[in-house]
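The sequence and its predicted three-dimensional model are supplied below.
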Amino acid sequence: MRILIAEDDDSVGEALVDVLGAHGHQPERVSRGADVLLRHSSADVVLLDLGLPDGDGLDVLRKLRQVSEVPLLVVTARGDERSVVRGLRLGADDYLVKPVRLGELLARIDVVVTRRARSSLPAGVVEVDDVVIDLTARRVRVSDREIALTPKEFDLLGALARRVGAAVSREVILDELWGDAFLASSRALDVHLAQLRVKLGTPGLITTIRGFGYRLGS
């Protein structure tokens, strides 16, 4: 697995990289929270220390969970109950207090990833009224007429279709399509969304939720 390690302590970070690499994983180490927000999309798992030099790791966790459900384990020296509870409530899949036994860490990574894999639904086909979206084949039909979309337009539609009926924030879409919800220009999203609505020709299919984002279907 590709494991992103956010750890500013060189000795701890190097030990984690060595152990994970020796067990067949592909570790990448960063030392700042900002790097986690930039690179999480290429990771299968994130290991997050809370004492990072550019801010509290809990703030990084909160921002990350606004845009991504990547499996994440907190690995920190901060073992007080308040921090543990906050970390889990903000969306950490597990919380380990240093010093961590490496065998236990490997086992917990496997458990978190396996649990997530079992809960993931297949992409399949999404139908909303007379619109049929095949996420695997990347095809869209409206009233049995196939609609030609650009790759980015389909990516946008797919981001909404995978969460059909649910409100999806602009930040989630920006992160999924452009890789960074906090630096990407939202103007590109507006342009692609306008083009997508015209091509689909189905008023009310994509609803704008003012101040938040969008929803596909009712």
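Thanks, I have it.

how about Arg163, what does it touch?
Leu216 (C-beta atoms under 8 Å, 6 or more residues apart in numbering). All C-beta spots, glycine's among them, are computed from the backbone N, C-alpha and C.

Local confidence estimate at it?
With respect to pLDDT, Arg163 has a value of 92.

Over to Ala123?
Reported pLDDT for Ala123: 56.

now swap in Val112 and tell me
Val112 carries a pLDDT score of 86 in this model.

List the buried residues for the strand or helix carrying it?
With elements taken from DSSP states H and E, the one containing Val112 is helix 102-119. Across helix 102-119, burial judged by 16 or more other C-beta atoms under 10 Å covers 105, 108-109, 112-113.

Can you name every helix or strand that it contacts?
Applying 3 or more C-beta pairs under 8 Å, 6 or more residues apart in numbering; DSSP states H and E, one finds that helix 102-119 makes contact with helix 10-22, strand 45-48, strand 72-76, strand 94-97.

Return the set of buried residues in the first one.
Within helix 10-22, the residues that qualify as buried by neighbour count (16+ other C-beta under 10 Å) are 12-13, 16-17, 20.

from the residues you listed, which single one is nearest Arg141?
Leu20 (44.5 Å; C-beta to C-beta).

Leu105: what's it in contact with?
19, 73, 75, 96.

got the residue ranges for the strands in the chain?
2-6, 26-30, 45-48, 51-52, 55-56, 72-76, 94-97, 125-128, 131-134, 139-142, 145-147, 167-169, 206-209, 213-216 (DSSP state E).

can you put those strands in CSV and add distance to Glu176 and mean neighbour count?
Formatted as CSV, the strands of the chain follow (distance: least, C-beta to C-beta, whole Å; neighbours: other C-beta atoms under 10 Å):
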stretch, distance to Glu176, mean neighbour count
strand 2-6, 17, 22
strand 26-30, 20, 18
strand 45-48, 16, 25
strand 51-52, 24, 18
strand 55-56, 24, 14
strand 72-76, 17, 25
strand 94-97, 24, 18
strand 125-128, 16, 16
strand 131-134, 16, 20
strand 139-142, 18, 18
strand 145-147, 21, 13
strand 167-169, 9, 16
strand 206-209, 16, 14
strand 213-216, 12, 20
